[in-house]
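Novice: Here is my input, please return the structure:
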Amino acid sequence: MRHVLAVAVTSVPTEATQQALGYPSLFLLVLIGALVPVIPTGALVSSAAVVALHRTAPFSMLMVFVVASLAAFLGDMALYWLGRRGMKSKNGSRWLAAIRNRAPEDRLAQAQTKLADHNVAVLVLSRLVPAGRIPVMLACLMAKWPMRRFAHGNAPACLAWAATYQLIGVLGGSLFAEPWEGVVAAVLLTIVVSLTPALWRRVRTAATR
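Specialist: Numbers count the residues shown, from 1 in each chain. A predicted model of the protein is given here:
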């Protein structure tokens, strides 16, 4: 009995310590990934959801959702603010140049057309479509959207994004008993989701030739 109590007592700080380190790390990585879109933030959220699923769900699941969506929102807003500064500057900025470099002309033209037709709703879809966020953000910058208008569409976009990748993590994690197996499955699912639109576009392009 004493041994069981000792294990229970010592396990509480360990769990609390892991959560105290995990949530800030997730926040920082998603925030940085929004500013510098080279970090696979979707895979991070899915992996965090797998770990949360094997812990004190639903509290851990709720924390992952709140932390991920908040970090994504703040990162997007910071990048948009930097882009607006670059648009107003005569010499531009390296942040604006980075946004332009990640928005090919065909994707930008498509984003501008959809933005003109569907307005704020395009922001929600842009967060869910792989590589769709930056072209739409640049289209908003070129349309001279104010920060408040961009935030109005970006908030539900980040919530939908966090929920989608968290669901991918739950689907992957529920298939296996061990958390690391669920993390691998979630990452693979995230990669498939990310690559599918690009592969589909290539197939359609090849079929029309």
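
Novice: Would you mind listing the residues in contact with residue 170?
Specialist: The contact partners of residue 170, by C-beta atoms under 8 Å, 6 or more residues apart in numbering, come to 49-50, 53, 61. Yep, even glycine has a C-beta here, placed from its N, CA and C like the rest.

Novice: Okay, and which of these map to helices?
Specialist: Within those, residues falling in helices by DSSP state H are 49-50, 53, 61.

Novice: want to throw the contacts of residue 170 into JSON lines with distance to residue 71?
Specialist: Formatted as JSON lines, the contacts of residue 170 follow (distance: C-beta to C-beta, whole Å):
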{"residue": "49", "distance to residue 71": "14"}
{"residue": "50", "distance to residue 71": "18"}
{"residue": "53", "distance to residue 71": "20"}
{"residue": "61", "distance to residue 71": "16"}
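
Novice: what's the lowest-pLDDT member of those?
Specialist: Least confident of the contacts of residue 170 in the model: residue 53, at 79.

Novice: For it, the count of nearby residues, please.
Specialist: By other C-beta atoms under 10 Å, the residues close to residue 53 number 22.

Novice: isn't it right next to residue 169, touching?
Specialist: Yes: if you go by C-beta atoms under 8 Å, residue 53 and residue 169 touch, sitting 7.1 Å apart.

Novice: wouldn't residue 142 be in contact with residue 112 here?
Specialist: Yes: look at residue 142 against residue 112 with C-beta under 8 Å: they come within range, at 7.1 Å.

Novice: Return the members of the ones in helices among the contacts of residue 170 classed as buried.
Specialist: Restricting the ones in helices among the contacts of residue 170 to buried positions leaves 49-50, 53, 61, with burial counted as 16 or more other C-beta atoms under 10 Å.

Novice: helices and strands of this protein: which one bottoms out on pLDDT?
Specialist: When each helix and strand of the chain is scored by mean pLDDT, DSSP states H and E, helix 179-208 comes last, with a mean of 58.

Novice: Go through the buried ones among the ones in helices among the contacts of residue 170 and name the one nearest residue 81.
Specialist: Closest approach to residue 81 among these (C-beta to C-beta): residue 49, at 29.0 Å.

Novice: Show me the two of the buried ones among the ones in helices among the contacts of residue 170 that sit farthest apart.
Specialist: By the measure C-beta to C-beta, 50 and 61 form the most distant pair in those, at 10.5 Å.

Novice: For residue 110, give me the pLDDT.
Specialist: The score at residue 110 is 85. That number is its pLDDT.

Novice: ok now stretch 138-156, how far from the chain's centre?
Specialist: 17 Å (C-alpha atoms, centre = their mean, to the nearest Å).

Novice: Can you get me the start-to-end distance on it?
Specialist: By C-alpha to C-alpha, to the nearest Å, the extent of stretch 138-156 from end to end equals 18 Å.
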